[in-house]
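Sequence below, structure please.
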Amino acid sequence: MSSHEQLLEAKSLCAWYGAAQILYDVDLEVRRGEVVALMGRNGAGKSTTLKALIGMLGKRRGAVRFLGHDISKCEPHHAAKLGLGFVPEDRRVFTDLTVMENLEVGKQAARRWSDGSDAPLWTPERLFKLFPNLGEMPNRPGGRMSGGEQQMLTVARTLMGNPYLVLLDEPSEGVAPVIVEQMANMILELKAQGVSILLSEQNMHFAELVSDRAYVLEKGQIRYQASMADLATNEEVRRAYLSV
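This next block holds a predicted model:
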């Protein structure tokens, strides 16, 4: 697989919560080796898009392909087995399990790219280098960690599945500035290691630091897509769809 080959593609993706339609014909793609941001105000449909991609919503329509597989009707655990990771905003750690035990829960076998080369392989030791805070508390129960530490643990547990691509929901939301900085460094390191990321984000500064491209959502529709550099200089789009 080439460094620019498509990993994930959605075509005409629609999604509902109950009877309420939230997403309208969303088209997007993520290629190998890139970080892509889903931008937009609260309620624009960013988190819903991630959940629809991985199959967490009861009702969705449209085509979703991952590594050439049609996952339009897959359950989340099937997508995870294919190498699609998901880090929710609500930090789903096992509070009664230690850091090490949480990591073991996420463990999956090593993976290879279609060209035969090795995909990134994650071990607790390697993750503790990426997240030094976790390395200092391997035996601490998840329920005795701060929100930022739980966020790190959720990311680390997802990486134990050796994903090709991670869907990352609001990584900078509700955590201390020092954790936000660590999250940015983590995303850049993952990219350097060959892990692609699709993240939902409201923080323009954070998105600029880590992302190559962006899709801008409003009311469940993609209104704009461009390189992050172009979005950063497009005052009209930022004012129309991103300003609070």
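
Determine the number of other residues adjacent to R239.
Close neighbours of R239, defined as other Cβ atoms under 10 Å, add up to 9. Glycine gets a C-beta too; all of them are placed from N, C-alpha and C.

Could you say which helix or strand holds it?
When secondary structure is defined using DSSP states H and E, the element that contains R239 is helix 235-241.

Please point out which parts of that helix sit buried.
Of the residues in helix 235-241, those with enough neighbours to count as buried (16 or more other Cβ atoms under 10 Å) are 237-238, 241.

Also stretch 180-188?
Of the residues in stretch 180-188, those buried by neighbour count under the rule 16+ other Cβ under 10 Å are 180, 182-184, 186-187.

now the helix or strand of the chain with the lowest mean pLDDT, how far from the centre of its chain.
Within the chain, confidence by mean pLDDT, DSSP states H and E is lowest for helix 177-192 among all helices and strands, at a mean of 88. Relative to the chain's own centre, helix 177-192 is displaced by 13 Å; criterion: Cα atoms, centre = their mean, to the nearest Å.

cool, stretch 157-164 as well?
Centre to centre, stretch against its chain (Cα atoms, centre = their mean), the figure for stretch 157-164 is 11 Å.

Need the contact partners of the helix holding R239.
39-41, 44, 204, 216-218, 223-224, 231 (Cβ atoms under 8 Å, 6 or more residues apart in numbering).

Restricted to helices, list those residues.
204, 231 (DSSP state H).

mind giving me TSV with the contacts of helix 235-241 and columns for distance to M56?
TSV is the format used below for the contacts of helix 235-241 (distance: Cβ to Cβ, whole Å):
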residue	distance to M56
M39	21
G40	19
R41	22
A44	18
M204	26
V216	22
L217	17
E218	22
R223	24
Y224	26
L231	27
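
By pLDDT, rank the contacts of helix 235-241 and give me the bottom one.
Checking pLDDT across the contacts of helix 235-241, the minimum falls on M204 at 91.

That residue: how many residues sit nearby?
M204, neighbours per other Cβ under 10 Å, totals 17.
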